[in-house]
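A.B. asks: build the 3D model from these lines:
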Amino acid sequence: MSEQHKYKSDDSFLARWAENKLSDEELLEFQKTEAYREFQLINDVSQQFSGPDLDLEKALELTKSKTKISSKGKVISLRKYWYAAAASVVIIFGIFKGLNSSISYTIPNGGKALAINLPDGSKVQLNAGSELSHKRFFWNSNRSLKLNGEAYFEVEKGSTFSVNTSYGTVSVLGTKFNVKARKNNFDLKCFEGAVRFDQKNTNNYKILYQNDRISISNSTTIKEEKSPGSLPNWLDKISVFKDQSLQIVLDELSVQYNVQFEHKSTNTSRLFSGSFIHNNLETALKTTLTPMGISYTLSEDKKTVYLP
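C.D. replies: Next comes the predicted model:
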């Protein structure tokens, strides 16, 4: 059976090719076929295609104006052909849009952590209240991820990719690191190897090595410190804080327990050092609010926490 015939009969063949999972023998045989050149062309074009809105009426008129043939003074209308041509334009745009689509992993507030395997074999643990996305196909030519929330990465040896956040971009090469990019704070820690952080809209960048940690909260100032440890605390279902604002603590409680906080006069800029567990809301509230002298009331459905 020729490889050209195999890609038609094997439903997983093109998907494995797109994810760079063909064997050396399969890839070599596929590269000899005309089909390979056609699919490679689609791949190359799709990487530059952003999927703009298509003006079907304009495309139809343009195609129509070019599908009349004059032969010895006789004009032949090719109505059925320009309908087909216009339909082909739509199909091609649809293919490009599909190839350029993204796959997303989302965990709501209060949800359980999710283990994800990236196309290169790297592993990701995604925390509650987080979303991670990357291109569905052609990983080798677009090694870029988008993160909103928190995730721990174990990068496959020899692999490299970037993680884009609202605070900036983390570039990696064979390492273990944790990124938190939430509404009110950013935190990056390197557990093994090295990572680079390029801060958004600035020329600032930092290179982090093992046990290096940087954070950003309520400003664009990057805070640096040493932080020993072999794994992020949230993997052990605990959140730890050191001189961080109460607002950041409340935000994390909201993420882990899917609760809302309502208050009128509570000073949420006060600094907190301590921790809370992820498997008991009332215990978590007591260990964070009581030491700060803040009273609270929990609604009957345990969805809202009322502060003074």
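
A.B. asks: isn't Asn117 up against Gln125?
C.D. replies: No. Using CB atoms under 8 Å, Asn117 makes no contact with Gln125, being 11.0 Å away. Placement of C-beta: from N, CA and C, glycine included.

A.B. asks: which parts of stretch 117-129 are buried?
C.D. replies: Leu118, Pro119, Asp120, Ser122, Val124, Gln125, Leu126, Asn127, Ala128, Gly129 (16 or more other CB atoms under 10 Å).

A.B. asks: swap that for stretch 168-178, please
C.D. replies: Within stretch 168-178, the residues that count as buried by 16+ other CB under 10 Å are Gly168, Val170, Ser171, Val172, Thr175, Lys176, Phe177, Asn178.

A.B. asks: which parts of this structure belong to which domain?
C.D. replies: Domain assignment for the chain by automatic domain parsing gives 3-99, 107-233, 237-306.

A.B. asks: pick the most buried one from these.
C.D. replies: Of all these, domain 107-233 has the most neighbours on average by mean count of other CB atoms under 10 Å, namely a mean of 17.

A.B. asks: what's the average pLDDT for that domain?
C.D. replies: Taken as a whole, domain 107-233 carries a mean pLDDT of 93.

A.B. asks: between the two ends of that domain, how far is it?
C.D. replies: 18 Å (CA to CA, to the nearest Å).

A.B. asks: now that domain, how far from the chain's geometric center?
C.D. replies: How far domain 107-233 lies from its chain's middle: 10 Å, per CA atoms, centre = their mean, to the nearest Å.

A.B. asks: ok so, going back, restricted to helices, list the buried residues of stretch 168-178.
C.D. replies: When DSSP state H is applied, the buried residues of stretch 168-178 are split such that none fall in helices.

A.B. asks: which parts of the stretch 51-200 of the chain are helices?
C.D. replies: 56-65, 79-99 (DSSP state H, counting those that start in this stretch).

A.B. asks: could you find the closest non-adjacent residue to Thr268?
C.D. replies: Gln247 (4.0 Å; CB to CB, 6 or more residues apart in numbering).

A.B. asks: using CSV, list the CA coordinates for the helix or strand hosting the one you found.
C.D. replies: Assessed by DSSP states H and E, Gln247 sits inside helix 246-257. Written as CSV, here are the backbone C-alpha positions of helix 246-257 (Å, rounded to 0.1, in the frame of the first residue of the first chain):
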residue,chain,number,x,y,z
LEU,A,246,-5.1,40.6,51.8
GLN,A,247,-6.7,41.2,48.4
ILE,A,248,-4.4,38.7,46.8
VAL,A,249,-5.3,36.2,49.6
LEU,A,250,-9.0,36.8,49.1
ASP,A,251,-8.6,36.3,45.3
GLU,A,252,-6.9,33.0,45.9
LEU,A,253,-9.6,31.9,48.3
SER,A,254,-12.2,32.7,45.6
VAL,A,255,-10.3,30.6,43.1
GLN,A,256,-9.9,27.6,45.3
TYR,A,257,-13.4,27.6,46.8
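
A.B. asks: now do that helix, average pLDDT.
C.D. replies: Rounded mean pLDDT across helix 246-257 is 96.

A.B. asks: can you name the secondary structure element that comes next after that helix?
C.D. replies: As assigned by DSSP H and E, the chain's next helix or strand after helix 246-257 is strand 260-262.

A.B. asks: name the residues that touch that next one?
C.D. replies: For strand 260-262, the external contacting residues (CB atoms under 8 Å, 6 or more residues apart in numbering) are Leu250, Leu253, Ser254, Lys303, Thr304, Val305, Tyr306, Leu307.

A.B. asks: against Lys176, how distant is Val124?
C.D. replies: 11 Å (CB to CB, to the nearest Å).

A.B. asks: any residues in contact with both of these two?
C.D. replies: Residues touching both Val124 and Lys176 (CB under 8 Å, 6+ apart): Tyr152, Phe153, Glu154.

A.B. asks: next up, the contacts around the first one.
C.D. replies: It refers to Tyr152. Neighbouring residues of Tyr152 by CB under 8 Å, 6+ apart: Val124, Gln125, Asn127, Lys176, Phe177, Asn178, Leu231, Pro232, Trp234, Leu235.

A.B. asks: now these in TSV, with distance to Gly110?
C.D. replies: TSV is the format used below for the contacts of Tyr152 (distance: CB to CB, whole Å):
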residue	distance to Gly110
Val124	20
Gln125	17
Asn127	11
Lys176	26
Phe177	25
Asn178	20
Leu231	22
Pro232	19
Trp234	14
Leu235	17
